[in-house]
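Q: okay, sequence plus prediction incoming.
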Amino acid sequence: MLPLIAALALRAGGGINLRGASVLIGVLSAAALLAYVELAFIGLVIAMAFVVAPGTRLRLAIGRTLLVCCIAVPVFVLLTWPGLDALMTMLKSQYSTTAAGAVRPGDGYFLGLLALGRLPDTLWALGGEYSQSRWIALPWILGALLCAVTLLGAWVERRRWGAILALATVAAAFLHFAVLEHYSYAAYKIISVNFWMISFFTVAGGICLAEWAKPRLSQRVSIAAVVTTVLLVVVAERTVVQANVIRFKHNALQQKAYREAQTISGLAQHAPTLLAVRDDVANEWAVFYLSDMSLLIAPYRIFMAQAHVIPFMERAKPVDPAAIRYIVTDRNDTIRAPLWGARRIWDGEAYSLWEVDDSAWTVLADVINPNGIEPGGIWLGGGKTDVLVVAGRAGPAALFANVQPGPRAAPEAQQFHVTIGNGAGGRTIEIQPGKIRIPIDLTAGKSSISITIDDPVGGTIPTTGDARPMILRIMDYGIELSIKPSG
């Protein structure tokens, strides 16, 4: 969309169909914001830089720019207004996360962008962007030549000062994130979103170079052949990079496993179904392949789990928990959500399908624990642990587990204080090592329960050096409704 906006701005800047171009700019700008709110604003400013046509007097250029804005901005606001609050919330969330000292989104991707010596083959995606790839002369030389042609294009188009200023802005933003912030993912986004503009100057430089070389080449060699050869070499080099970095066969086999969700759709015959898949990627693909079913998703994963996205996910048509007949979980039993009141009727490579045989079914869909989740149990201590439970009906239930003291419990402690919280509030109880059953109340559908160890961290750090506040270890844990249906 950004190249189209730039092309329309170019026409409007030249006085060609100014009003019609302005309306289309407003429509496409709204589409760009709805598609990619994080970088839409800088992308739109860069694209609109082409409204300043070469040789246009400054006063005329300003007048045309203002006229374009007077037409495009109201169209833009009209089309984005219904979702503007949510978009701004998302935008603030993204930038606050980036500005905070916590882990930044995408941090660690394309680390090669931080090595200035690899810039030529990095900027043109010839392998330098991957930190694990070794330096090879051919892609570096190709990248350096393309950079030189781009700079030549900038010189040729120097009278298009708005676009030159935009190119300088992109270069400055890239260097800021790559050199000062050491934030490779942000540098990649800056380049990728505005790569069309860099390519504009590359083409302009290529045309100038071709015109210079044409009379100097042998009649047996055509410009078209030279350009085709260069393009083929670049494509071949990029193909080699992809083959070395991306495991195509592994991805194909993985995707084959995820496509088996279509089999689940046939087995469930579109009956209301709970999707309780914990694996991130398997969860996403299951949502995609089962989108035509009446689906209750718990938990959300990856992008669906972002705070600003969840309200939109919750707008889906409600699913009555009592009407749910099937449950989809991970096939891997070491990460699978524990469930009760259902029997497994089908196993695939990535998923398992369960048929509900008890209206008092429960699923411990997810556990968010600051100490992580390990096979066989979890360590409690420090911050609270959140448990997501899905139940077919409301009623009293029991959280059961086998509890053992951890290395950071107070020496010889045989009694622990635990706060159990839910939507109605919290209460503090005392538990002892061994098998426990804690009464809780569940609502039909999703319930969130928090578990907090109130005892201070004591003991000594184990010889492994694990400094986590491992006060209690719970094993063989789960939740089940206490009341079974009559009859």
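A: Nice, thanks for sending it over.
Q: can you pull the contacts of the nearest residue to residue 72 once chain neighbours are set aside?
A: In this structure, residue 72 finds its nearest non-sequential neighbour in residue 26, 3.8 Å apart by CB to CB, 6 or more residues apart in numbering. Where you see a C-beta, it was placed from the backbone N, CA and C, and this is true even at glycine. Residues in contact with residue 26, defined by CB atoms under 8 Å, 6 or more residues apart in numbering, are 71-76, 79.
Q: any idea how far residue 26 lies from residue 19?
A: Distance, residue 26 to residue 19, using CB to CB, to the nearest Å: 11 Å.
Q: now do the shared contacts for these two.
A: Common neighbours of residue 26 and residue 19 (CB under 8 Å, 6+ apart) are residue 71.
Q: ok, back up a step: read off the pLDDT value for the residue nearest to residue 72.
A: As predicted, residue 26 sits at a pLDDT of 89.
Q: only the buried subset of the contacts of residue 26, as a PyMOL command please.
A: In PyMOL, this line selects whichever of the contacts of residue 26 come out buried by 16 or more other CB atoms under 10 Å:
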select buried, resi 71+72+75+76+79
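Q: among the contacts of residue 26, name the ones in helices.
A: 71-76, 79 (DSSP state H).
Q: now, which of those sits nearest residue 141?
A: residue 72 (42.7 Å; CB to CB).
Q: surely that closest one touches residue 30?
A: No. Using CB atoms under 8 Å as the test, residue 72 is too far from residue 30 to be in contact (9.4 Å).
Q: show me the shaky parts of this structure.
A: Scanning the chain for pLDDT under 70 picks out the ranges 93-105, 131-135, 242-253, 483-487.
Q: pick out the residue closest to the middle of it.
A: residue 303 (4.8 Å; CA atoms, centre = their mean).
Q: quick one, what contacts that residue?
A: 284, 309.
Q: same question, residue 472
A: So residue 472 contacts 379-381, 403-406, 409, 416, 453 (CB under 8 Å, 6+ apart).
Q: hmm, try it at 6 Å
A: Residues in contact with residue 472 (CB atoms under 6 Å, 6 or more residues apart in numbering) are 380, 403, 406, 453.
Q: any idea how far the third one lies from residue 459?
A: If I follow you right, that is residue 406. 8 Å.
Q: neighbour count: the two, which is higher?
A: residue 406 (21 against 16; other CB atoms under 10 Å).
Q: ok, and the closest non-adjacent residue to that one?
A: Using CB to CB, 6+ apart and skipping residues adjacent in sequence, the residue nearest residue 406 is residue 470, 3.7 Å away.
Q: what does residue 198 give?
A: Using CB to CB, 6+ apart, the nearest residue to residue 198 is residue 150, at 6.1 Å.
Q: and if you look at residue 387?
A: For residue 387, the spatially nearest residue (CB to CB, 6+ apart) is residue 449, at 4.6 Å.
Q: now do the SS call for the residue of the chain most remote from its centre.
A: Here the chain reaches farthest from its C-alpha mean at residue 219, the gap being 52.5 Å by CA atoms, centre = their mean. Assigned by DSSP: H, G, I helix; E, B strand; the rest coil, the conformation of residue 219 is coil.
Q: looking at the contacts of residue 26, spot the one nearest residue 178.
A: residue 76 (31.1 Å).
Q: show me the contacts for that closest one.
A: Residues in contact with residue 76, defined by CB under 6 Å, 6+ apart, are 26, 29-30.
Q: how close does it sit to residue 5?
A: 11 Å.
Q: can you put the ones in helices among the contacts of residue 26 in a markdown table and add distance to residue 45?
A: Output for the ones in helices among the contacts of residue 26, formatted as a markdown table (distance: CB to CB, whole Å):
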| residue | distance to residue 45 |
| --- | --- |
| 71 | 17 |
| 72 | 13 |
| 73 | 13 |
| 74 | 18 |
| 75 | 17 |
| 76 | 13 |
| 79 | 18 |
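Q: closest to residue 225 among the residues you listed?
A: residue 72 (43.0 Å).
Q: hmm, back to that, just the element for the residue nearest to residue 387, please.
A: Under the criterion of DSSP states H and E, residue 449 resides in strand 445-453.
Q: can you give me the buried ones in that strand?
A: 445-447, 449, 451-453.
Q: mind putting those into CSV with distance to residue 66?
A: Converted to CSV, the buried residues of strand 445-453 look like this (distance: CB to CB, whole Å):
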residue, distance to residue 66
445, 54
446, 52
447, 56
449, 58
451, 60
452, 58
453, 63
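Q: one step back: part of a helix, is the residue nearest to the centre of the chain?
A: Yes. With three-state DSSP as the criterion, residue 303 is located in a helix.
Q: how close does residue 461 sit to residue 147?
A: 52 Å.
Q: and the two? Which one has more around it.
A: Neighbour count, other CB under 10 Å: between residue 461 and residue 147, residue 147 has more, with 18 against 12.
Q: ok, and the closest non-adjacent residue to the more buried one?
A: Leaving aside its sequence neighbours, residue 147 sits nearest to residue 120 (CB to CB, 6+ apart; 5.7 Å).
Q: please put the alpha-carbon coordinates of the helix or strand containing that neighbour into CSV.
A: Residue 120 is part of helix 119-123 when elements are defined by DSSP H and E. The C-alpha coordinates for helix 119-123 follow below in CSV (Å, rounded to 0.1, in the frame of the first residue of the first chain):
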residue,chain,number,x,y,z
LEU,A,119,25.8,-4.0,6.3
PRO,A,120,26.2,-4.5,2.5
ASP,A,121,24.9,-8.1,2.5
THR,A,122,22.6,-7.4,5.4
LEU,A,123,20.6,-4.6,3.9
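Q: what residues of the following helix or strand past that helix count as buried?
A: Toward the C-terminal end, the helix or strand that comes next after helix 119-123 (DSSP H and E) is helix 137-156. Residues of helix 137-156 classed as buried under the neighbour-count rule (16+ other CB under 10 Å) are 139-140, 142-143, 146-147, 149-150, 152-154.
Q: go through those and say which is closest to residue 438.
A: residue 139 (60.5 Å).
Q: surely that closest one touches residue 121?
A: Yes. With contacts counted by CB atoms under 6 Å, residue 139 reaches residue 121, the gap being 4.2 Å.
Q: what's the overlap in contacts for the two?
A: What both residue 139 and residue 121 touch, as defined by CB under 6 Å, 6+ apart, is the set residue 127.
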